[in-house]
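Engineer: here is a sequence together with a model predicted from it:
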Amino acid sequence: EVQLVESGGGLVQAGGSLRLSCAASGFTFDDYAIAWFRQAPGKRREGVSCFSSSDGSPRYADSVKGRFTLSINNAKNTVYLQMNSLKPEDTAVYYCAAGLLCWSGDYWGQGTQVTVSS
């Protein structure tokens, strides 16, 4: 059974940093791509970053390029999202998702809230 459990969200001031974690079980990152999405109140869900073993390097939304970094610890089967220089517009619930394609989101975690105060 595929399971994804996010952690690491919280409240941070603008300019600060947070690191989100997503512990995966039931698959490896060779089997599925892994992505971070976010959804702010009243807004559509947005793909933030994605990694597929066939790509070799993560993809990023333009809104987070240069500030966010996706990394993977295969030994722990965990994916991280390091978020630096946070802005109030980064406030959202962040989800990790696994799927056959980079943004397909076939399996979802429960989400973790990130709030950036100005």
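Structural biologist: All right, it came through fine.
Engineer: from the centroid of the protein, which residue is nearest?
Structural biologist: Among the residues of the chain, residue 36 comes closest to the average C-alpha position under Cα atoms, centre = their mean, at 2.7 Å.
Engineer: could you measure from the closest residue to residue 52 other than its chain neighbours over to residue 107?
Structural biologist: Nearest residue to residue 52, sequence neighbours excluded (Cβ to Cβ, 6 or more residues apart in numbering): residue 33, at 3.8 Å. From N, CA and C alone the C-beta is placed, and that goes for glycine too. Here residue 33 is placed at a distance of 11 Å from residue 107 (Cβ to Cβ, to the nearest Å).
Engineer: can you give me the strands in this protein?
Structural biologist: Taking DSSP state E as the test, the strands found in the chain are 3-7, 10-13, 18-25, 33-39, 46-51, 59-60, 68-73, 78-83, 92-99, 107-108, 112-117.
Engineer: can you put these in TSV and add mean pLDDT?
Structural biologist: Shown next, in TSV, are those (pLDDT from 0 to 100):
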stretch	mean pLDDT
strand 3-7	97
strand 10-13	98
strand 18-25	98
strand 33-39	98
strand 46-51	97
strand 59-60	97
strand 68-73	97
strand 78-83	98
strand 92-99	97
strand 107-108	98
strand 112-117	98
